[in-house]
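# Give me a model of this one.
(5 chains)
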Amino acid sequence: MIIARVVGSAVATVKADKLSARKLLVVQEATVHDELMDRPPFVAVDAVGAGEGELVLVAIGSGGRFTALTDGAPADATIVGILDSLEVDGRDTFRKS
Amino acid sequence: MIIARVVGSAVATVKADKLSARKLLVVQEATVHDELMDRPPFVAVDAVGAGEGELVLVAIGSGGRFTALTDGAPADATIVGILDSLEVDGRDTFRKS
Amino acid sequence: MIIARVVGSAVATVKADKLSARKLLVVQEATVHDELMDRPPFVAVDAVGAGEGELVLVAIGSGGRFTALTDGAPADATIVGILDSLEVDGRDTFRKS
Amino acid sequence: MIIARVVGSAVATVKADKLSARKLLVVQEATVHDELMDRPPFVAVDAVGAGEGELVLVAIGSGGRFTALTDGAPADATIVGILDSLEVDGRDTFRKS
Amino acid sequence: MIIARVVGSAVATVKADKLSARKLLVVQEATVHDELMDRPPFVAVDAVGAGEGELVLVAIGSGGRFTALTDGAPADATIVGILDSLEVDGRDTFRKS
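Numbers count the residues shown, from 1 in each chain, chains lettered A, B, ... in the order given. Predicted coordinates:
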């Protein structure tokens, strides 16, 4: 799963049936230090109740559809976890405040 | 899903059976400000009645086949939503006119 | 689907069972103006009878297996349409001659 | 499968159901010489009991879910093997110490 | 399928069940002229008995699992063919010696 920060949200009234009533969040890939990377933001379905500013795990592709909220939905990116902490080389690089 | 703008359309008389009678649109990845990015346009099946110039959500890969129009179709990209608005860092970056 | 031009063909006598008797074409990603892009050519299974020089649609990944010729085949790229024309911003950028 | 080094771990209390009790490791793509590449670390589910510092094989996408620990889990990256050695052009480029 | 050259092999004693007894080869993407490209080598399961130095076709993703040897295996890359020849723009760019 990629590490990403929730930076916003998207509204689309007209959308495929099985996306209706799903929360669509704008996410951007981030480093293990919670710094945004220079990559284009994209839209993911939120399966865990994530909020803006949180560092999350996004499952790309078919994997993201193995949640109750995304089963059978035409989605290619799902937020599947909210990060509490990341540790790299024995040091905390991120800890949720 | 990636954020993209519908920039045109494609016609292919000879195509795989399950793509027949599907609307094929040319889309190009865009920023949250509806600016086209320097990436090659590609072709997506339209599952929501999108029109040229609209900012849309494109599901890449198997996800895009979970719509009535693309079920079982040999497609790898489907327009699954028409964006009304995008909000990033508390500000509207895009609002459909 | 990506826009690509058929630039050649591949022969592989030893191959996985379900690829036998499949036509393997070399394709290279192209612009909407039918100009080759600086990307490495790759090999796609032909599901529509495409010929060298034609501009085609290639479905990447599982999508490309939803054709009679590629069902159950170990393929990750299939030519699923032959382009007649492309229109971008209201102008024809490609028309098959 | 890509060659990657386990560089850390991730903790996410809130996560999709089928990810609970799974070990989430931070991995970074590496060369055949076990040198980290300049690519962003990402998070993979550990299916083989890998430890920090080990060079591993990571299966990306649906492939990674064909293990007892990841079957049906919303994961897009799984550690499926711990590398003992790599040989390129007739020479050992990596040997586990 | 991408065009790649077999450049080596990998040994991983500890690996996911369904990868056991599978030959793991190190491959690197190549041009139609059998020149290695500047891309990181990766590991693919061999489904066709390929040998070091051979130019092969690698199926990425789910496609690579449609062979007898990779069915149900946690693999994301499979060698599905050994190239005899490649022809581009009417000329042989590669012919197996």
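
# For chain A, which segments count as strands?
Ranges of strands within chain A are A:2-11, A:14-15, A:24-29, A:42-46, A:55-60, A:77-82, A:85-88, A:91-95, based on DSSP state E.

# most packed of those?
strand A:77-82 (a mean of 28; mean count of other Cβ atoms under 10 Å in any protein chain shown). Glycine gets a C-beta too; all of them are placed from N, C-alpha and C.

# And the nearest residue to residue A:63 once chain neighbours are set aside, how far from chain C?
Take residue A:63 and drop its neighbours on the chain: the residue closest to it by Cβ to Cβ, 6 or more residues apart in numbering or on different chains is residue D:76, 3.8 Å away. According to Cβ to the nearest Cβ, to the nearest Å, residue D:76 stands 13 Å off from chain C.

# what's the answer for residue A:14, then?
For residue A:14, the distance to chain C (Cβ to the nearest Cβ) stands at 22 Å.

# My guess is that residue contacts residue B:48. True?
Yes. Between residue A:14 and residue B:48 a contact is recorded at 5.3 Å, counting by Cβ atoms under 8 Å.

# Tell me the pLDDT of the residue nearest to residue A:28 when sequence neighbours are not counted.
The shortest distance from residue A:28 to any residue other than its chain neighbours is 4.3 Å, reached at residue A:41 (Cβ to Cβ, 6+ apart). In this model, residue A:41 is scored at 98, pLDDT.

# Please tell me I have it right and residue A:41 contacts residue A:7.
Yes. Using Cβ under 8 Å, residue A:41 is in contact with residue A:7, at 6.0 Å.

# what residues are shared contacts of these two?
Counting by Cβ atoms under 8 Å, 6 or more residues apart in numbering or on different chains, the shared contacts of residue A:41 and residue A:7 are A:26, A:27, A:28, B:88.

# Near chain D, which residues of chain A are found?
By Cβ under 8 Å from any Cβ of the partner chain, the residues of chain A that approach chain D are A:1-3, A:29, A:31-32, A:37, A:47-49, A:57, A:59-68, A:70, A:78, A:80-90, A:93.

# For the residue nearest the centre of chain A, give me its contacts.
Per Cα atoms, centre = their mean, the C-alpha nearest to the average position across chain A is that of residue A:79, at 3.4 Å. Going by Cβ under 8 Å, 6+ apart, residue A:79 touches A:4, A:6, A:25, A:27, A:44-48, A:50, A:56-58.

# As a markdown table, those with pLDDT would be great.
Listed next are these as a markdown table, based on pLDDT from 0 to 100:
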| residue | pLDDT |
| --- | --- |
| A:4 | 98 |
| A:6 | 98 |
| A:25 | 98 |
| A:27 | 98 |
| A:44 | 98 |
| A:45 | 98 |
| A:46 | 98 |
| A:47 | 97 |
| A:48 | 97 |
| A:50 | 98 |
| A:56 | 98 |
| A:57 | 98 |
| A:58 | 98 |
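
# Reformat these as a markdown table; add distance to residue D:21.
Output for these, formatted as a markdown table (distance: Cβ to Cβ, whole Å):
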| residue | distance to residue D:21 |
| --- | --- |
| A:4 | 23 |
| A:6 | 25 |
| A:25 | 26 |
| A:27 | 25 |
| A:44 | 23 |
| A:45 | 23 |
| A:46 | 22 |
| A:47 | 17 |
| A:48 | 16 |
| A:50 | 20 |
| A:56 | 19 |
| A:57 | 15 |
| A:58 | 20 |
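
# Run through those residues and flag the ones next to chain B.
Here is what survives when these are matched to chain B using Cβ under 8 Å from any Cβ: residue A:44.

# any idea which of the contacts of residue A:79 is the one closest to residue D:97?
Ranked by distance to residue D:97 (Cβ to Cβ), those are led by residue A:57 at 31.2 Å.

# Bridge partners for that closest one, pull those for me.
Beta bridges link residue A:57 to residue A:3, residue A:81 when assigned by DSSP bridges.
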